[in-house]
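Q: Structure for this input, please:
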Amino acid sequence: MAKTTNESEMFAQEAASYIDALHALACRLTRNPTEAEDLVQDTIVKAMRAREQFASGTNLKAWLFRIAMNTGRDLR
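A: Predicted structure coming up:
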């Protein structure tokens, strides 16, 4: 079932609250500020596209970090 606009907005707001933490992780992974910004952007785009797969009530930060780790690994 598709999520409502309100649920999508709430997801986006919660995901945005982790931008700084994602950026710190991306900097450690890439060791390049420009690549880190790209990695964060890619992570958020992937998360928004897959938001219906996220189980509400579980750890969004861990889910985002896993996406970032996998995306960063794929970029190498």
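
Q: and after the helix or strand harbouring A26, which helix or strand comes next?
A: Secondary structure from DSSP states H and E places A26 in helix 19-30. Tracing the chain past helix 19-30, the next element assigned as helix or strand by DSSP H and E is helix 33-49.

Q: could you give the angle of that following helix to helix 19-30?
A: Relative orientation of helix 33-49 versus helix 19-30 (axes from the mean of the first three to the mean of the last three C-alpha atoms, to 10 degrees): 120 degrees.

Q: So for the helix holding A26, what gets flagged as buried?
A: L22, H23, L25, A26, C27, L29, T30 (16 or more other C-beta atoms under 10 Å). For glycine as for every other residue, the C-beta is placed from the backbone atoms N, C-alpha and C.

Q: Pull the contacting residues for the nearest residue to the second one once chain neighbours are set aside.
A: In space, and not counting its chain neighbours, H23 is closest to V40: 5.3 Å by C-beta to C-beta, 6 or more residues apart in numbering. V40 is in contact with I19, L22, H23, A26, A68, counting by C-beta atoms under 8 Å, 6 or more residues apart in numbering.
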